[in-house]
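Participant: build the 3D model from these lines:
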Amino acid sequence: MDNNFIIWKDKYLTNVESIDKQHKLLVEQLNLTYKFYLENELETATDALERFVITIRNHFAAEEALMENKEYPATEEHKTLHFKLLHQLEKLYGFIRDDKAVLNMEVFDFLKSWLIDHIVRSDQELGNFLNLK
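Facilitator: Presented below is the predicted three-dimensional model:
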């Protein structure tokens, strides 16, 4: 049985090597968090979730620098989306860390849909722009 929560698919590619590499790392980290969750290692899963949040923060910063450098027309809109998503994710992580919420399948489903949706919608639009440059 495959314990991966998200299976990487080529349809997630932006064809921007640095962005795709970061997206694959995010998927790997979420899968690792899920693995710890399945093994009932909740403290380790919470630590892994923290690393996921840190990686998201770094990914967004790298994307934003790339957008500004390449003068992406939707930079401000994309940055606003990043801000909202990161705030939502950090709030969720804080609740889990502080035992005000539990890590469960609902959280994983949210994280999966959030990550895949962001890649397929926003980041692929950015990738299309960057691949024309």
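Participant: which helix or strand contains the residue nearest the centre of the chain?
Facilitator: Central residue of the chain (C-alpha atoms, centre = their mean): residue 115, 4.6 Å from the mean position. Taking DSSP states H and E as the definition, residue 115 sits inside helix 105-118.
Participant: would you mind identifying the next helix or strand past that helix?
Facilitator: By DSSP H and E, the next helix or strand past helix 105-118 is helix 124-132.
Participant: now that next one: buried residues?
Facilitator: 124, 126, 127, 129, 130 (16 or more other C-beta atoms under 10 Å). All C-beta atoms are positioned from the backbone trio N, CA, C, and that covers glycine.
Participant: that helix - what's its average pLDDT?
Facilitator: Helix 124-132 comes out with an average pLDDT of 93.
Participant: swap in stretch 93-105?
Facilitator: The model assigns stretch 93-105 a mean pLDDT of 92.
Participant: ok, now stretch 15-26?
Facilitator: The model assigns stretch 15-26 a mean pLDDT of 96.
Participant: how about it: buried residues?
Facilitator: Of all the residues in stretch 15-26, those buried under the rule 16+ other C-beta under 10 Å are 16, 19, 20, 22, 23, 26.
Participant: could you do stretch 56-67 as well?
Facilitator: 56, 59, 60, 63, 64, 66, 67.
Participant: got the residues you listed as CSV, with secondary structure and pLDDT columns?
Facilitator: What follows is the buried residues of stretch 56-67, written out as CSV (DSSP: H, G, I helix; E, B strand; the rest coil; pLDDT from 0 to 100):
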residue, secondary structure, pLDDT
56, helix, 96
59, helix, 96
60, helix, 97
63, helix, 96
64, helix, 97
66, helix, 95
67, helix, 96
